[in-house]
Structure formats: C-alpha cells, structure tokens
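Participant: Generate coordinates for the sequence data below:
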Amino acid sequence: MGYKASHLSNIFGDGAKFGLSYHNYRKNVKKKEARKFNIDYLKLTDEQEAELNSITTSRNWINHIPVSLIHSTKAAAFQESIDSNMPIFIPHFEKYEGIWMVSMYEENYEGLQNYKKVFEWVKEDYSKLTGTPCRIVERTIPVVRPIEDLEIARISAEIQHKRIKTIEQIKQKYLDDEEE
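Facilitator: So this is what the prediction gives:
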C-alpha cells in the first residue's frame with residue numbers, strides 16, 4: 001500500500017523545483033505560463049487548492065524522514081538524555097496489532113479517494129489545455145523490456161547532476177550509444 005501511495009503522491013504533489021507533478025504544473029500555469037502562452041486551465045476553489053496542497057505535504061512526509069518524528073517521541077518530549085555508549089537500535093517489527101493494519105488500510109483508502117478527485121481535475125485541466133477530451137488507454141506490451149531502456153534513467157540522472165544541460169547533449173548521448 002505504501003509504495004502506491006508514495007508513487008501517487010509524487011505524481012500529484014511533488015513540489016520540488018524541477019519535479020514533474022500536477023502540483024508544479026498548476027503552480028507554473030497559474031504564475032505566468034497561462035498568460036504567456038494563452039493557456040486555459042481549471043480554476044480550483046480554495047478548498048480544492050487546500051486538498052492539492054495537503055497531498056504535497058503528505059508527499060513530503062511519506063518520502064522524507066521528518067525531524068518531527070524525533071520530536072514526537074516520548075523520550076524527546078521528556079528530554080531524556082541519550083547514552084552515547086549505547087548502539088543505535090533500528091526497530092524492525094515482525095508483527096503488528098490488527099488495529100494498526102486496519103488504520104493503515106483506512107488511511108490508504110481515504111488517500112485513494114483524494115487521488116481520484118485530483119485525477120479528475122488533471123483530466124479536466126488536460127482537456128482545457130488541449131481542447132480535446134482526455135483519453136487514457138493502458139496498453140500491455142507483450143515483450144520483455146530491453147535493458148537499453150535504462151538509458152532514459154541514466155540520462156535523467158545526468159541532467160539532475162547538471163552533467164547534461166541541452167537537448168543536443170541528450171541527442172549525442174543516444175548517438176554515442178548507437179555507435180557502441
């Protein structure tokens with residue numbers, strides 16, 4: 001359940017400067033791009049904006065280890081001293097109380113309902129942007145995915161590390177790979 005929640009929260013709520021998410025699309029289109037390119041987009045209510053922002057907040061909590069986890073422990077609240085001679089224990093529970101699992105299920109179910117709402121906004125925004133209805137078709141590809149497809153991730157990493165900065169460099173990377 002956690003993997004899917006994390007993945008959906010990134011698609012909808014990633015607020016990183018160069019993150020590819022619906023949150024960032026809306027932020028950019030509202031700021032300047034809509035006027036600059038004469039783009040029509042979905043106007044969200046304040047309540048809808050708050051829902052989208054809550055996905056971003058949840059996304060940050062899901063994908064990072066917030067310091068608030070340390071501050072929220074009983075030991076930190078009561079300012080118990082730390083014995084630096086003791087090893088650092090990393091808890092790994094083999095079993096959970098059933099109510100814990102039910103709680104996780106309910107939280108994921110509620111999150112899924114929110115993602116479904118936002119997905120409808122995404123489709124409506126897409127239709128406004130393109131002037132055509134949004135159609136999504138899943139296509140199963142019946143062949144083994146080739147290892148060469150990893151080049152996309154490698155190039156992406158090089159862009160993130162600022163080693164590739166232009167479209168020409170990306171094209172050259174593919175040309176170099178074809179020569180090998």
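Participant: outside of the least confident helix or strand in the chain by mean pLDDT, which residues touch it?
Facilitator: Least confident helix or strand of the chain, by mean pLDDT, DSSP states H and E, is helix 34-37 with a mean of 77. Helix 34-37 is contacted from outside by Asp40, Tyr41, using Cβ atoms under 8 Å, 6 or more residues apart in numbering. The C-beta positions use only the backbone N, C-alpha and C, and glycine is treated the same way.
Participant: Next: stretch 76-90.
Facilitator: Outside stretch 76-90, the residues touching it (Cβ under 8 Å, 6+ apart) are Ile70, His71.
Participant: start to end distance for that stretch?
Facilitator: 17 Å (Cα to Cα, to the nearest Å).
Participant: just stretch 26-43 next, same as before
Facilitator: With Cα to Cα, one end of stretch 26-43 sits 10 Å from the other.
Participant: Which positions in it come out as buried?
Facilitator: Arg26, Val29, Tyr41, Leu42 (16 or more other Cβ atoms under 10 Å).
Participant: Take these and lay them out in TSV including secondary structure.
Facilitator: Formatted as TSV, the buried residues of stretch 26-43 follow (DSSP: H, G, I helix; E, B strand; the rest coil):
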residue	secondary structure
Arg26	helix
Val29	helix
Tyr41	coil
Leu42	coil
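Participant: Which two among those residues are spaced furthest apart?
Facilitator: Val29 and Leu42 (9.4 Å; Cβ to Cβ).
Participant: Can you name the next helix or strand after the longest helix out of those in the chain?
Facilitator: Using DSSP state H to define each element, the chain has its longest helix at helix 98-130. Moving toward the C-terminus from helix 98-130, the next helix or strand (DSSP states H and E) is helix 150-160.
Participant: pLDDT (mean, whole number) over the helix or strand following that next one?
Facilitator: The first helix or strand that comes after helix 150-160 along the chain, using DSSP H and E, is helix 167-179. Mean pLDDT, helix 167-179: 91.
Participant: helices or strands next to helix 167-179 in the packing?
Facilitator: helix 150-160 (3 or more Cβ pairs under 8 Å, 6 or more residues apart in numbering; DSSP states H and E).
Participant: Quick one: distance of the helix it packs on to the chain centre.
Facilitator: Computed by Cα atoms, centre = their mean, to the nearest Å, the chain-centroid distance of helix 150-160 equals 18 Å.
Participant: the inter-axis angle of that helix versus helix 167-179?
Facilitator: 150 degrees (axes from the mean of the first three to the mean of the last three Cα atoms, to 10 degrees).
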